[in-house]
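Visitor: Need a 3D model of the sequence below.
(chains A and B)
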2 protein chains.
Amino acid sequence: MVRRAIPDIVVGRLPIYLRALSFLLAEGRQITSSQELGDRLGISSAQIRKDLSHFGEFGKQGTGYDISFLYDQLRQILKVDGMWEVALVGAGNLGQAIADYGGFAGKGFVITAIFDNEPAKIGSPMGIDNIIVQNVNELAETIRKRDIKVGIIATPAQDAQAVARTMVDAGVKAILNYAPITITVPSSVRVQYIDPVVGLQRMTYYL
Amino acid sequence: MVRRAIPDIVVGRLPIYLRALSFLLAEGRQITSSQELGDRLGISSAQIRKDLSHFGEFGKQGTGYDISFLYDQLRQILKVDGMWEVALVGAGNLGQAIADYGGFAGKGFVITAIFDNEPAKIGSPMGIDNIIVQNVNELAETIRKRDIKVGIIATPAQDAQAVARTMVDAGVKAILNYAPITITVPSSVRVQYIDPVVGLQRMTYYL
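Guide: Numbering: from 1, shown residues only, chains lettered A, B, ... in the order given. Just a heads-up that it's a prediction; the model follows:
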């Protein structure tokens, strides 16, 4: 398998498929089809078959996909069959909501370090795992010591770039940015934005 | 223009283009190309040209796109050149973070009503516009009275479906769901999920 040959846009759809498969699994289903997945996701069945064909043969002609098998395969392909430690910076309302988020479990990620610059927050437990909030000046050292590769930025916009730089310098390779600002990182580092505006704008077209 | 002919997946990319264009505008730029947009977004320039060609001729061969013009056109196409009122349900940490979010301004949306079921929260001002939190039992009436078409769900998972049903029954046509659960709505209603897991999983493939 030549991984570099897979277009970004195809890789970007795999988590969506994984999410749909996890919903189907939760519903107790065993078999699905590219048609059903497509209907649920608003993606053509041909596109789904083409996307998945980059990675191998997952379905048998006429019998559809074994949901559990495809789910496991996609988790391996996306490297989320293990557990990535995540450093979260920002322990305000948003950071707290993220630390409390029940959706990470079983999806490949666990927040193991939380940082803020407010004295009132530092030293307090936060989130479903009661992580003690650390001073953000310990961010670089903690990332290096634990070899953390994934970061989440939930700071005000004006702090996001500095936090990103510290994360990257210390070894983070993937950043999920909630701050409403674009951040600049070396091309070897991935950034994804969580932006409610994009989600809303995808829908107003149809109103 | 036959709007129904545009695939969902193309419509789904327009907010991403709009976002990239707004970043370019903020940088003071005037002209861009499908190549530059593609490089920034990890989408092929051919795909971008093809997507935009569904809606008309935006660029002149060899001279690129006028950023400001394309930005305005995409805003019109996505119907975010005006202002949609948004009802937010859930005034916990997440709801507060959303109400405080500085990224909605100028993007077509304004949160004008916030609801919760906790007596301690009801009646208090919240967010950048100091909206008074209402009792969630006023949700349906408020949506009907103000003809609100867009809702955001920031409740615990177990409340999300009931809130979605109330919203839809009262006339909401587009729901942005932060709760880590799938919600079922009539096919005439759009739902988008804000799921940090999807953002994270898009990146781990490359680690």
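
Visitor: in chain A, which helix or strand is least confident?
Guide: strand A:59-60 (a mean of 68; mean pLDDT, DSSP states H and E).

Visitor: Show me what the biggest strand by length in chain A packs onto, helices and strands only.
Guide: Secondary structure assigned by DSSP state E gives strand A:109-116 as the longest strand of chain A. For strand A:109-116, the packing partners by 3 or more Cβ pairs under 8 Å, 6 or more residues apart in numbering or on different chains; DSSP states H and E come out as strand A:84-89, helix A:93-100, strand A:131-135, helix A:139-146. The C-beta positions use only the backbone N, C-alpha and C, and glycine is treated the same way.

Visitor: I'd like the next helix or strand past it.
Guide: Toward the C-terminus, strand A:109-116 is succeeded by strand A:125-126 as the next helix or strand (DSSP states H and E).

Visitor: Give me the mean pLDDT for that next one.
Guide: Across strand A:125-126, pLDDT averages out at 96.

Visitor: in chain A, what spans have low per-residue confidence?
Guide: Applying pLDDT under 70 to chain A flags the ranges A:1-5, A:59-61.

Visitor: Report the central residue of it.
Guide: The centroid of chain A falls nearest to A:L176 when counting by Cα atoms, centre = their mean (7.1 Å).

Visitor: Confirm for me that it is in contact with B:P196.
Guide: Yes: the criterion here is Cβ atoms under 8 Å, and A:L176 meets it with B:P196 at 5.9 Å.

Visitor: residue boundaries of the strands in chain A?
Guide: With DSSP E as the criterion, chain A has strands at A:31-32, A:59-60, A:64-66, A:84-89, A:109-116, A:125-126, A:131-135, A:150-153, A:174-177, A:190-193.

Visitor: what number of residues lie near the residue nearest to A:I16 when sequence neighbours are not counted?
Guide: Of all residues not flanking A:I16 in the chain, A:L41 sits nearest, at 6.0 Å (Cβ to Cβ, 6 or more residues apart in numbering or on different chains). Neighbours of A:L41 under the rule other Cβ atoms under 10 Å in any protein chain shown: 17.

Visitor: From one end of stretch A:50-68 to the other, what's the distance?
Guide: Using Cα to Cα, to the nearest Å, the end-to-end distance of stretch A:50-68 comes to 20 Å.

Visitor: Give me the contacts around it.
Guide: Under the contact criterion Cβ atoms under 8 Å, 6 or more residues apart in numbering or on different chains, stretch A:50-68 has outside partners A:1, A:5-6, A:10, A:13-14, A:17, A:21, A:24-25, A:29-34, A:36-37, A:49, A:69-70, A:73, A:77.

Visitor: ok, now with 7 Å
Guide: With contacts defined as Cβ atoms under 7 Å, 6 or more residues apart in numbering or on different chains, stretch A:50-68 is touched by A:6, A:10, A:13, A:21, A:24-25, A:29-33, A:70, A:73, A:77.

Visitor: got the buried residues for the helix ranked longest in chain A?
Guide: Ordering each helix of chain A by length in residues (DSSP state H) puts helix A:8-26 first. The neighbour-count criterion (16 or more other Cβ atoms under 10 Å in any protein chain shown) identifies A:8, A:10-22, A:24 as the buried residues of helix A:8-26.

Visitor: again with stretch A:97-115
Guide: A:97-101, A:103-104, A:107-109, A:111-115.

Visitor: For it, what is the spacing between the initial and final residues?
Guide: Terminal residues of stretch A:97-115 lie 14 Å apart, using Cα to Cα.

Visitor: Outside of the longest helix of chain A itself, list whatever touches it.
Guide: Helix A:8-26 is contacted from outside by A:32, A:37, A:40-41, A:51, A:54, A:67-68, A:70-71, A:74-75, A:77-78, B:42-43, B:182, B:195, B:198, B:201-202, B:205, using Cβ under 7 Å, 6+ apart.

Visitor: so what's in contact with A:L176 and B:P196 at the same time?
Guide: Counting by Cβ under 7 Å, 6+ apart, the shared contacts of A:L176 and B:P196 are A:I194.

Visitor: Each with direction, which strands does the longest strand of chain A pair with?
Guide: strand A:84-89 (parallel), strand A:131-135 (parallel) (DSSP bridges).

Visitor: can you state the direction angle for the shortest one and helix A:93-100?
Guide: Which is strand A:131-135. 140 degrees (axes from the mean of the first three to the mean of the last three Cα atoms, to 10 degrees).

Visitor: got the angle between strand A:131-135 and helix A:139-146?
Guide: Using the same axes, to 10 degrees: strand A:131-135 against helix A:139-146 is 130 degrees.

Visitor: Identify whichever of the helices and strands packed on strand A:109-116 lies nearest to B:T142.
Guide: helix A:93-100 (23.2 Å; Cβ to Cβ).

Visitor: for that closest one, packing partners?
Guide: Secondary-structure packing of helix A:93-100 (3 or more Cβ pairs under 7 Å, 6 or more residues apart in numbering or on different chains; DSSP states H and E): strand A:84-89, strand A:109-116, helix B:93-100.

Visitor: Try it again at 10 Å.
Guide: Applying 3 or more Cβ pairs under 10 Å, 6 or more residues apart in numbering or on different chains; DSSP states H and E, we find helix A:93-100 packed against strand A:84-89, strand A:109-116, strand A:125-126, strand A:131-135, strand A:150-153, helix B:93-100.

Visitor: Pull out the buried positions in the fourth one.
Guide: By neighbour count, with 16+ other Cβ under 10 Å as the criterion, the buried positions of strand A:131-135 are A:131, A:133-134.

Visitor: just those now: which is nearest chain B?
Guide: A:V133 (13.9 Å; Cβ to the nearest Cβ).

Visitor: distance of the closest one from A:A120?
Guide: Look at A:V133 and A:A120: by Cβ to Cβ, to the nearest Å, they are 10 Å apart.

Visitor: Please enumerate the shared neighbours of those two.
Guide: A:A91 (Cβ atoms under 10 Å, 6 or more residues apart in numbering or on different chains).

Visitor: how about A:N135, what does it touch?
Guide: Taking Cβ under 10 Å, 6+ apart, one finds A:115-119, A:121-123 in contact with A:N135.

Visitor: Among those, which one has the most neighbours?
Guide: Each of the contacts of A:N135 was scored for neighbours by other Cβ under 10 Å, and A:F115 scores highest at 26 neighbours.
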